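Enquirer: Using only what follows, build the 3D model:
(one chain, ligands or ions: 1)
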Amino acid sequence: MAALLEIAGASKSFGGVFAVADVDLAVEAGDIHCLIGPNGAGKSTLFKLVVGTYPPTAGRIVFKGTDITQAKSFARVAQGMSIKLQAPSVFKALTVRQNLHIALQDHVARHAIGTEEDRLLETLGLTSDAHRPAGLLSHGQQQWLEIGMALALRPVLLLLDEPTAGLSSDETYRTGELVKRLNAEGTTMLIVEHDMAFVRQIATGVTVLHLGRIFARGSIDEIVSDSRVAEIYLGTPHGQ
Ligand SMILES: Nc1ncnc2c1ncn2[C@@H]1O[C@H](COP(=O)(O)OP(=O)(O)OP(=O)(O)O)[C@@H](O)[C@H]1O
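Expert: Alright, predicted model coming up:
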């Protein structure tokens, strides 16, 4: 069976400099696939090709068997793709429930919104915070709320860009448990991440990008025991 997401020979150049070069990557339904690599490796650019921020310079992106290489972002979302970007963008003055309401109102029948809000609050562990302004939540809780807003679309593929950035180790662990719970409920994930303990907690497969190209791929154990991978991290702020 074809992969849920297939990236084939994808490249993206900015003024002749390749940020992503000839990348092949398949994400199977049910995967939690983590994309790692040193600063400037091309992770964010590859993500942007998947979500349609811009088209690739070359190559193809196929989602659920449909070529979406030239499709606009909204069309990709309509087909079941959802993304949570790194920078939090919750409405801080509104309550947690109101934030979820806004995310849900275009996707769920009006009479079912309350039930869906309750379900998401429970999933996110935010039931007791439902009536608090989102701006008063901890940074971790705001990240979870944003994941909840991305889930309002009931995506089959959820893309998370560094979901643990700025989180405490406890919040990071809880984010990992949330990711695994969502995956068990049927959401496939592609996650850009730097925190290797988090990657170990969640990943079913790992791809390492370096200088825009696929450098290594495998299980987390294969990746962390690969001395070539250790070498490309040496001297970077994210050295593990
Ligand atoms: N819009 C752009 N215009 C020009 N160059 C860009 C643009 N976006 C990315 N680049 C370059 O492409 C390369 C890859 O950048 P990218 O942000 O994709 O890497 P990354 O792996 O996400 O890095 P980080 O972990 O630091 O976020 C870098 O050299 C970057 O400077």
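Enquirer: How about the contacts made by the residue of the chain most remote from its centre?
Expert: Distance from the C-alpha centroid of the chain, by CA atoms, centre = their mean, peaks at His111 (29.8 Å). Listed by CB atoms under 8 Å, 6 or more residues apart in numbering, the contact set of His111 is empty. For every residue, glycine as well, the C-beta is placed using N, CA and C.
Enquirer: and Leu124, what is it in contact with?
Expert: The contact partners of Leu124, by CB under 8 Å, 6+ apart, come to 144-145, 147-148, 178.
Enquirer: need the strands for the chain, in chain order.
Expert: Secondary structure of the chain (DSSP state E): strands located at 5-14, 17-27, 32-36, 58-63, 66-67, 81-84, 157-161, 188-192, 205-210, 213-218.
Enquirer: Around the ligand, pick out the residues from the protein.
Expert: Proximity of the chain to the ligand, by CB under 6 Å from any ligand atom, involves residues 14, 19, 37, 39-45.
Enquirer: among those, who's most crowded?
Expert: Neighbour counts for the residues of the chain next to the ligand (other CB atoms under 10 Å) peak at Gly37, which has 26 neighbours.
Enquirer: What is the neighbour count of Thr204?
Expert: Using other CB under 10 Å, Thr204 has 16 other residues around it.
Enquirer: Sorry, wrong one. I was asking about His139.
Expert: His139 has 12 neighbouring residues, counting by other CB under 10 Å.
Enquirer: Settle this for me: it is touching Asp170, isn't it.
Expert: No: His139 sits out of contact with Asp170 when judged by CB atoms under 8 Å, with a separation of 12.0 Å.
Enquirer: quick revisit: can you list the strands of the chain in a markdown table and add mean pLDDT?
Expert: Conversion of these to a markdown table gives the following (pLDDT from 0 to 100):
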| stretch | mean pLDDT |
| --- | --- |
| strand 5-14 | 97 |
| strand 17-27 | 96 |
| strand 32-36 | 97 |
| strand 58-63 | 97 |
| strand 66-67 | 96 |
| strand 81-84 | 88 |
| strand 157-161 | 95 |
| strand 188-192 | 97 |
| strand 205-210 | 96 |
| strand 213-218 | 96 |
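Enquirer: Among these, which comes closest to Thr123?
Expert: Set against Thr123 and scored by CB to CB, these come closest in strand 157-161, at 12.6 Å.
Enquirer: For that closest one, give me every contacting residue.
Expert: Residues contacting strand 157-161 (CB under 8 Å, 6+ apart): 4-5, 27, 44, 47, 50-51, 63, 80-86, 147, 150-151, 179, 182, 187-193.
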